[in-house]
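A.B. asks: Provide a 3D model corresponding to the input given below.
(2 chains)
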Amino acid sequence: MSFLTYFINGLSLGSIYAIIALGYTMVYGIAKMLNFAHGDFIMVGCYVVFTVVSTMGLNPLVGIAASIVICTLLGIITEKVAYKPLRNAGSPLAVLITAIGVSYFLENAALLIFGADTKAFTSVIKWEGVILANGALKIQGVTIITIAISLVILAVLQTFIYKTKAGQAMLAVSEDKGAASLMGIDVNKTISLTFAIGSSLAAIAGVLMCSAYPSLTPYTGAMPGIKAFVAAVLGGIGSIPGAMIGGLILGIIEILGKTYVSSQLSDAIVFGILVIVLIVKPTGILGKNIQEKV
Amino acid sequence: MSLLEINNLNVYYGVIQALHDLSFHVDKGEVVALIGANGAGKTTTLHTITGLIKSESGTINYDGKEITHVPGHKIVSMGMAHVPEGRHVFANLTVYQNLKLGAYTRNDSKEIAETIEMVYQRFPRLKERRNQFAGTLSGGEQQMLAMGRALMSHPEIILMDEPSMGLSPIFVNEIFDIIKEVHKSGTTVLLVEQNAKKALSIADRAYVLETGKIVKEGIAADLLNDEDIRKAYLGE
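C.D. replies: Next up, the predicted model:
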């Protein structure tokens, strides 16, 4: 029974990675850039909830709403100010380095505003959870809600992308910006929308993560950000179901590795699996590779 | 008045000048061909007209309005569609999704469905393959899809860049027949081609481009018999 508990905890952690990875993968798929500051958006979202709920004493729902709004705006502004001017810079490295710069900027801004000490984050999920099998299996409320929310997000995103015009525009921009523009699609607006969605997902992931692991520092988002990047690559970067699968696999491996192998080695196992997948299938689990015909 | 009028257009790639004081016009209902060798500036001309490249100086007028500085994505809703060189279909989307994107600027779903039917009639092969990914189509079928996608916006004028490039002779004939049909149904055509013979055979008028300058212009049938043109472009 304890295996099942660990497995479910892995699913829950994996769901958080998956939600972060969805943002990574969408931005990569459409803007063709790796937003290494994505993980820090999570941290910003958490501090917003912390400020609204713990400092100002408002309802957690207000905190979550504020966090989503602020992260969305942060995503749009970051793209406009830091990334868009470099979009045609010729070298993809320019944007990559800038993203790392944005990451440091956000971490240090948080350090300046909130200080280096660890803040105790009050979980926004009050539900205790359920006890099954006569007390042998206890599943926490936050675990169940995290898994459920990630599934809802996946469903909403898939519907949005395949059923709406804005979603089709995203697919078109992700494949061919020039041709998309010829169809009448405003490429800049589409990229902006992608950043907005990705950043709002980071806010949601942040709230869920800090509810499950309630300690908050300016570096809270860094490691989950990297892990989610690994998840996105594992699943096939650019693929939305891939990000979901990659995130879940990563979470499960991490928790099971911590439990049964070694808590110190769990990260090494996670990254080791990435290396193996990249050797066997460089495009990731669901990565596509259709060749262009001449 | 011309439907499309280009005046003294200058375009640079960095320090290299691609177009020199280019001027030409396309009247409503015409098929106009731009012919010339590789690197003459044909594609650059089309890209500048539809806003994919910015010009240094000069003007582009369409339907009486200046569109020189109109951003690329706003051009199609003004009635100008562009079939790019190398087709540029969305390879990971289905034929149907590609066509729907061609109608991105239109909103009436009933009219869009009708236009899709019309495109399917003109290209029965696309109908057969409507649920296939565009990347799995043959080169000729992709060209048909690119043309069908352009027609989805109900254009007044259609700009075609090297539609015959890389196609088998059978497909080349088919594509040119379709261009003729598109023209017959009332759409003005600006055609860029390396296959000068084919292009001149269906065009009303033509311009010959050499290193970014127009070196010759005239009635297509006359150019087809022009000694210099025959030597330089028709391989005779």
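A.B. asks: what about the residue most central in space within chain B, which SS state?
C.D. replies: Nearest residue to the geometric centre of chain B (CA atoms, centre = their mean): B:Met160, 1.4 Å. The three-state assignment at B:Met160 reads strand, by DSSP: H, G, I helix; E, B strand; the rest coil.
A.B. asks: Could you do the one 10 residues further on as well?
C.D. replies: The three-state assignment at B:Ile170 reads helix, by three-state DSSP.
A.B. asks: Chain A contacts on chain B?
C.D. replies: Residues of chain B lying near chain A by CB under 8 Å from any CB of the partner chain: B:50-52, B:71-77, B:81-82, B:84, B:86, B:88-93, B:97, B:100-102, B:104-105, B:133, B:135-139, B:142, B:149, B:153, B:166. C-beta coordinates here come from the backbone N, C-alpha and C atoms, glycine included.
A.B. asks: From these, keep the buried residues only.
C.D. replies: Buried subset of those (neighbour count, 16 or more other CB atoms under 10 Å in any protein chain shown): B:50-52, B:72-73, B:75-76, B:81-82, B:84, B:86, B:88-91, B:93, B:97, B:100-102, B:104-105, B:133, B:135, B:137, B:139, B:142, B:149, B:153.
A.B. asks: So which of those are in helices?
C.D. replies: Those of these mapping onto helices are B:97, B:100-102, B:139, B:142, B:149, per DSSP state H.
A.B. asks: In terms of model confidence, name the weakest of those.
C.D. replies: Among these, B:Gly139 carries the weakest pLDDT, at 91.
A.B. asks: surely that one meets B:Phe171?
C.D. replies: Yes: between B:Gly139 and B:Phe171 there is a contact under CB atoms under 8 Å: 7.4 Å.
A.B. asks: just checking, the residue nearest to the centre of chain B touches B:Thr188?
C.D. replies: No: B:Met160 lies out of contact with B:Thr188 (CB under 8 Å); the separation is 11.3 Å.
A.B. asks: Can you get me a residue count around A:Val52?
C.D. replies: Residues lying near A:Val52 (other CB atoms under 10 Å in any protein chain shown) number 21.
A.B. asks: For chain B, give me the ranges with low pLDDT.
C.D. replies: Across chain B, residues meeting the criterion (pLDDT under 70) sit at B:236.
A.B. asks: and A:Thr78, how many neighbours?
C.D. replies: Neighbour count for A:Thr78, taken as other CB under 10 Å: 23.
A.B. asks: and it, what does it touch?
C.D. replies: A:37, A:102, A:195 (CB atoms under 8 Å, 6 or more residues apart in numbering or on different chains).
A.B. asks: swap the cut-off to 10 Å and go again
C.D. replies: Residues in contact with A:Thr78 (CB atoms under 10 Å, 6 or more residues apart in numbering or on different chains) are A:35, A:37-38, A:40-41, A:84, A:98-99, A:102, A:105-106, A:195, A:199.
A.B. asks: Would you mind measuring from it to A:Gly235?
C.D. replies: 24 Å (CB to CB, to the nearest Å).
A.B. asks: what's the answer for A:Ala133, then?
C.D. replies: Distance from A:Ala133 to A:Gly235, by CB to CB: 32 Å.
A.B. asks: Who has more neighbours out of those two?
C.D. replies: A:Gly235 (29 against 9).
A.B. asks: in the helix ranked longest in chain A, what's buried?
C.D. replies: In chain A, taking DSSP H as the definition, the longest helix is helix A:2-31. Applying a neighbour-count criterion of 16+ other CB under 10 Å, one finds A:5, A:8-31 buried in helix A:2-31.
A.B. asks: Quick check: B:Gly180 touching B:Val189?
C.D. replies: For residue B:180 the amino acid is Lys, not Gly. Yes: contact between B:Lys180 and B:Val189 holds when scored by CB atoms under 10 Å: they sit 9.1 Å apart.
A.B. asks: Mind listing the shared neighbours of the two?
C.D. replies: Common neighbours of B:Lys180 and B:Val189, counting by CB under 10 Å, 6+ apart, are B:31, B:202.
A.B. asks: more neighbours, the two?
C.D. replies: The neighbour count for B:Lys180 versus B:Val189, taken as other CB under 10 Å, is higher for B:Val189 (22 against 14).
A.B. asks: Just name the shakiest helix or strand of chain A by mean pLDDT.
C.D. replies: For chain A, counting by mean pLDDT, DSSP states H and E, strand A:129-132 ranks last in confidence among helices and strands (a mean of 82).
A.B. asks: hang on, the earlier thing: pLDDT averaged over the longest helix of chain A - what is it?
C.D. replies: Computed over helix A:2-31, the average pLDDT equals 93.
A.B. asks: Could you list every helix and strand that whatever helix or strand comes next after that helix packs against?
C.D. replies: Downstream of helix A:2-31, the next assigned helix or strand under DSSP states H and E is helix A:38-50. Contact here means 3 or more CB pairs under 10 Å, 6 or more residues apart in numbering or on different chains; DSSP states H and E; on that basis helix A:38-50 packs against helix A:2-31, helix A:60-78, helix A:92-114, strand A:119-120, helix A:187-212, strand A:215-216, helix A:222-235.
A.B. asks: what mean pLDDT does helix A:38-50 have?
C.D. replies: Computed over helix A:38-50, the mean pLDDT rounds to 95.
A.B. asks: List the buried residues for stretch B:21-34?
C.D. replies: Neighbour counts over stretch B:21-34 (16+ other CB under 10 Å) mark B:22, B:24-26, B:30-34 as buried.
A.B. asks: Residue numbers of the stretch 51-200 of chain A in contact with chain B?
C.D. replies: A:162, A:165, A:168-169, A:171-190 (CB under 10 Å from any CB of the partner chain).
A.B. asks: which of those residues count as buried?
C.D. replies: A:168-169, A:171-177, A:179-188, A:190.
A.B. asks: Restricted to helices, list these.
C.D. replies: If you go by DSSP H, those have A:168-169, A:171-175, A:177, A:179-182, A:187-188, A:190 in helices.
A.B. asks: from what I can see A:Gly206 touches A:Thr220, true?
C.D. replies: Yes: between A:Gly206 and A:Thr220 there is a contact under CB under 10 Å: 8.0 Å.
A.B. asks: any common contacting residues for these two?
C.D. replies: A:39-40, A:42-47, A:121.
A.B. asks: would you turn those residues into CSV with distance to A:Val152 and neighbour count?
C.D. replies: Shown next, in CSV, are the shared contacts of A:Gly206 and A:Thr220 (distance: CB to CB, whole Å; neighbours: other CB atoms under 10 Å in any protein chain shown):
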residue, distance to A:Val152, neighbour count
A:Gly39, 22, 28
A:Asp40, 25, 29
A:Ile42, 19, 32
A:Met43, 23, 27
A:Val44, 23, 25
A:Gly45, 18, 32
A:Cys46, 21, 30
A:Tyr47, 25, 26
A:Phe121, 23, 23
